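In: Provide a 3D model corresponding to the input given below.
(chains A, B, C and D)
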2 protein chains.
Amino acid sequence: MPASPSRAEQRRQTEARILAAARRLFADSGYDRTTIRAVAAAADTDPGLVMRYFGSKDELFARVAAIEPDEPVAGTPEEVAELLLAALGDKLTADMSATLAMLRSMLTHPDAGEGVRAALTEQQRQVADSMPADDAVLRAGLVGALTLGTVIARHLLRLEGVRDADVEDIVGVLRPAVHAIAHGEAEREPRVE
Amino acid sequence: MPASPSRAEQRRQTEARILAAARRLFADSGYDRTTIRAVAAAADTDPGLVMRYFGSKDELFARVAAIEPDEPVAGTPEEVAELLLAALGDKLTADMSATLAMLRSMLTHPDAGEGVRAALTEQQRQVADSMPADDAVLRAGLVGALTLGTVIARHLLRLEGVRDADVEDIVGVLRPAVHAIAHGEAEREPRVE
DNA sequence: CCTTTCGGTCTACAGTTGTTGACTGAGTGA
DNA sequence: TCACTCAGTCAACAACTGTAGACCGAAAGG
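Out: Numbering: from 1, shown residues only, chains lettered A, B, ... in the order given. Predicted structure coming up:
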């Protein structure tokens, strides 16, 4: 066994521990209430090291709270609605360490919401492009709002009934709603599989 | 003109200035980033006074971030859905100093989300009671999620298209969705007025 | 008019924060 | 082997925080 791993390897491990700890703490406690000292302690290292490796608290946060954009969506309005429902299902299923960090911290970061806003806006444009309606941007925005609200309700507020429902049940209840918002009238829901 | 208003009156005015300043700052910057000193400065008074009048930062916060519960809702599922839409319309219309404080600060307060969660849960119970479905709690929660997401999208994120849309348009787009979530199938939307 | 009350101000304290810089010791390449 | 690099440690900083308490001066009340 390697009693002393190579220096490069050691560094990689330490950085990874810091990132993991930061992710967890930012997600649990938000930006302000997460201290460099706490991150260092949780990563079993020193505050000075955290600074040296990541520059500043803000840069560390940026590394951890970066939002990977959703899959691009396109197609007929019905197809887009189904794609959005699938994406929502993913957001409700995944372990959420990233999304949670994104949500809680973004809402507590100095320029709060900017990250979430950017991500939602991007998705919104794509969705809007797939609809002919002249209130397309509004409709696309409202689908985003529904998604955001649902994720917050489940993961952040842990709202009774939403917290521990099956993801398929949630998506099932939301399906007619998403279709109704995305294109004028409610669709008869397609039998999946 | 009263060069020197009565002592009691003076006190009332000062307290009011402090409360107004606190409401604004908590809403704009969240709990942690709002300091007693900043509140005092904005109210053109002294940090010590703020402490003397309100006890602590936490008590001051509780005073301004208290959520007044929504109107109770009841009736047939259709009626309940319409009541919820009306309540949503109100939330989108009002100047939101209270609701904004509630949202932004609640999400940044030490025990974040507890207030929002409590308010939503109460409304949720009422709504669930009005539906026969056995997934009533889930459906009620999702209506709450939609409401929450929409308010956040408009006031906090200021999402393009949602930010400056007419409230009636938003409610109009959301009507079939709310009906679809609240009771299984989408209603033919009632012609209002 | 004189004492009491109390709104308002000022100073200070103890703790925490992000951040810096000097230092140590072990791994690394010549 | 020896100089060098660099991961990791430690102590300290300046700024800022919530909070406490002493103090002042004018209104209130007898």
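In: tally of neighbours for residue A:79?
Out: 12 (other C-beta atoms under 10 Å in any protein chain shown). C-beta: built from backbone N, CA, C; applies to glycine.
In: in chain A, where is pLDDT below threshold?
Out: Counting by pLDDT under 70, the low-confidence segments of chain A come to A:1-4, A:95, A:97-98, A:101, A:185-193.
In: quick check: residues of it near DNA strand D?
Out: For chain A, the residues in contact with DNA strand D (C-beta under 7 Å from any atom of the strand) are A:7, A:8, A:10, A:11, A:13, A:14, A:45, A:46, A:47, A:48, A:49, A:52.
In: columns secondary structure and neighbour count on top of those residues, output as a markdown table?
Out: Output for the residues of chain A next to DNA strand D, formatted as a markdown table (DSSP: H, G, I helix; E, B strand; the rest coil; neighbours: other C-beta atoms under 10 Å in any protein chain shown):
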| residue | secondary structure | neighbour count |
| --- | --- | --- |
| A:7 | helix | 8 |
| A:8 | helix | 8 |
| A:10 | helix | 11 |
| A:11 | helix | 13 |
| A:13 | helix | 11 |
| A:14 | helix | 17 |
| A:45 | coil | 17 |
| A:46 | coil | 14 |
| A:47 | helix | 14 |
| A:48 | helix | 10 |
| A:49 | helix | 15 |
| A:52 | helix | 9 |
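In: biggest separation within the residues you listed, which pair?
Out: Farthest apart among the residues of chain A next to DNA strand D by C-beta to C-beta are A:8 and A:47. That separation is 22.6 Å.
In: do you know how far residue A:179 is from DNA strand D?
Out: According to C-beta to the nearest atom of the strand, to the nearest Å, residue A:179 and DNA strand D sit 47 Å apart.
In: what is the neighbour count of that residue?
Out: Residues within reach of residue A:179, counting by other C-beta under 10 Å, total 28.
In: tell me the SS of it?
Out: Secondary structure, DSSP: H, G, I helix; E, B strand; the rest coil: residue A:179 is helix.
In: now it: how far from residue A:139?
Out: 11 Å (C-beta to C-beta, to the nearest Å).
In: wait, what's in contact with residue A:87?
Out: A:70, A:71, A:73, A:147 (C-beta atoms under 8 Å, 6 or more residues apart in numbering or on different chains).
In: of these, grab the buried ones for ChimeraX.
Out: Here is the ChimeraX command that selects the buried residues among the contacts of residue A:87 (16 or more other C-beta atoms under 10 Å in any protein chain shown):
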select /A:70,73,147
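In: quick check: the farthest pair among the contacts of residue A:87?
Out: A:71 and A:147 (13.5 Å).
In: what about stretch A:29-46, distance to the chain center?
Out: With C-alpha atoms, centre = their mean, to the nearest Å as the basis, stretch A:29-46 stands 21 Å off its chain's centre.
In: and it, C-alpha only, in CSV?
Out: Extracted in CSV, the C-alpha atoms of stretch A:29-46 (Å, rounded to 0.1, in the frame of the first residue of the first chain):
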residue,chain,number,x,y,z
SER,A,29,-26.6,26.5,4.9
GLY,A,30,-26.5,28.9,2.0
TYR,A,31,-23.7,31.2,1.0
ASP,A,32,-23.4,33.6,3.9
ARG,A,33,-23.7,31.1,6.7
THR,A,34,-21.1,28.8,5.1
THR,A,35,-17.6,29.9,6.3
ILE,A,36,-14.3,29.0,4.8
ARG,A,37,-13.3,27.7,8.2
ALA,A,38,-16.3,25.4,8.3
VAL,A,39,-15.5,24.1,4.8
ALA,A,40,-11.9,23.5,5.8
ALA,A,41,-12.9,21.7,8.9
ALA,A,42,-15.3,19.5,7.1
ALA,A,43,-12.7,18.7,4.5
ASP,A,44,-10.2,18.0,7.4
THR,A,45,-7.8,20.7,6.2
ASP,A,46,-6.8,24.3,6.8
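In: just the buried residues of it, please?
Out: For stretch A:29-46, the neighbour count (16+ other C-beta under 10 Å) marks A:29, A:30, A:31, A:32, A:33, A:34, A:36, A:39, A:40, A:42, A:43, A:45 as buried.
In: just these: which are in strands?
Out: Among the buried residues of stretch A:29-46, DSSP state E puts none in strands.
In: from the residues you listed, which land in helices?
Out: Counting by DSSP state H, the buried residues of stretch A:29-46 place A:29, A:36, A:39, A:40, A:42 in helices.
In: list just the nearest of the residues you listed to residue A:119.
Out: residue A:29 (21.8 Å).
In: how near is the closest one to DNA strand D?
Out: Residue A:29 sits 16 Å away from DNA strand D, going by C-beta to the nearest atom of the strand.
In: spell out which parts of chain A neighbour DNA strand C.
Out: Looking at DNA strand C, the residues of chain A close enough under C-beta under 7 Å from any atom of the strand are A:4, A:6-8, A:34-38, A:47-48, A:51, A:56-58.
In: which two among these are spaced furthest apart?
Out: In the residues of chain A next to DNA strand C, two members sit farther apart than any others by C-beta to C-beta. They are A:4 and A:58, at 33.7 Å.
In: the two - which one has more neighbours?
Out: Neighbour tally, residue A:4 and residue A:58, criterion other C-beta under 10 Å: the higher count belongs to residue A:58, 12 against 7.
In: restrict the strand or helix carrying the more buried one to CA atoms and write it as CSV.
Out: In this structure, residue A:58 sits in helix A:57-65 according to DSSP states H and E. Coordinates of each C-alpha in helix A:57-65 appear next as CSV, following Å, rounded to 0.1, in the frame of the first residue of the first chain:
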residue,chain,number,x,y,z
LYS,A,57,-14.8,32.2,-1.1
ASP,A,58,-16.6,33.6,-4.1
GLU,A,59,-14.5,31.6,-6.6
LEU,A,60,-15.0,28.4,-4.5
PHE,A,61,-18.7,29.1,-4.6
ALA,A,62,-18.6,29.6,-8.4
ARG,A,63,-16.8,26.2,-8.8
VAL,A,64,-19.4,24.4,-6.7
ALA,A,65,-22.6,26.2,-7.8
